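S.K.: Got a predicted model here, sequence first, then my questions.
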Amino acid sequence: MAKDLLDTLAEFKDGNPGGLEAYFNRFKRPLLYFAKSILKHHPEEAEEIVLDSFVKLWQQRNQFDSEDKLRAFLYIVTKNACLSYLNSSHARQHFDVELSEDLLMQDPESYAKLIRSEMLELVSREIQKLPDTQQKVIRLSHYENKSTAEISSALNMSQNTVYVNYSRGIATLKKAFRKKKDWLFSFLL
């Protein structure tokens with residue numbers, strides 16, 4: 001696998017669009033979670049900022065000698081662009097935006113948000129592997145904070161069926177993360 005990573009990095013640095021596509025597919029969703037955690041009320045801006053971050057990455061592609069530096073660059077550029085947006089006169093005029101202290105400081109909170117965004121991406125990938133009904137129940141429960149009764153109504157099924165699908169889905173996710181030895185995920189679930 002290390003050889004694949006080196007090949008991807010070499011392709012990327014050589015200007016091969018396949019290398020950019022590989023990194024885009026790998027980092028887009030975690031970066032989007034990260035940007036949306038900063039721009040909570042501006043998801044469209046978060047998406048645009050993430051896309052711009054990949055453009056900047058492509059422009060600077062010759063400067064990276066490891067994937068870790070490439071990933072760090074993407075997160076730093078994205079964070080800075082989000083903060084610039086929040087601090088812009090446009091944002092202050094059209095939205096009642098106030099920068100929180102933790103976003104302005106260089107502290108572990110930013111790193112925690114980065115880790116959280118990557119964790120959410122991994123969880124999302126595992127949820128996509130679940131049967132359709134279990135996916136819907138878990139998404140409605142965790143992403144939309146719906147109650148069992150609301151999920152039952154939305155999916156036109158009994159509350160008992162919702163509970164069974166939820167339980168099976170969570171059990172499958174726990175098993176998947178235990179197999180991957182991602183102890184933190186099984187603890188969070």
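M.R.: Yep, it's here. Numbers count the residues shown, from 1 in each chain.
S.K.: Looks like Lys146 contacts Ala154 (just checking).
M.R.: Yes - counting by C-beta atoms under 8 Å, Ala154 is a contact partner of Lys146 at 6.9 Å. All C-beta spots, glycine's among them, are computed from the backbone N, C-alpha and C.
S.K.: How much space separates the residue most central in space within the chain from Ser37?
M.R.: Closest residue to the average C-alpha location of the chain: Pro30 at 2.6 Å, with C-alpha atoms, centre = their mean. Distance of Pro30 to Ser37, computed by C-beta to C-beta, to the nearest Å: 11 Å.
S.K.: Residue ranges of each domain in this structure, please.
M.R.: As assigned by automatic domain parsing, the chain contains the domains 1-128, 129-189.
S.K.: Using the three-state scheme, assign the closest residue to Glu126 other than its chain neighbours.
M.R.: Of all residues not flanking Glu126 in the chain, Ala176 sits nearest, at 5.1 Å (C-beta to C-beta, 6 or more residues apart in numbering). The three-state label given to Ala176 by DSSP: H, G, I helix; E, B strand; the rest coil is helix.
S.K.: Can you give me the neighbour number for Ala176?
M.R.: 20 (other C-beta atoms under 10 Å).
S.K.: if I pick Gly15, what's in contact with it?
M.R.: Arg61 (C-beta atoms under 8 Å, 6 or more residues apart in numbering).
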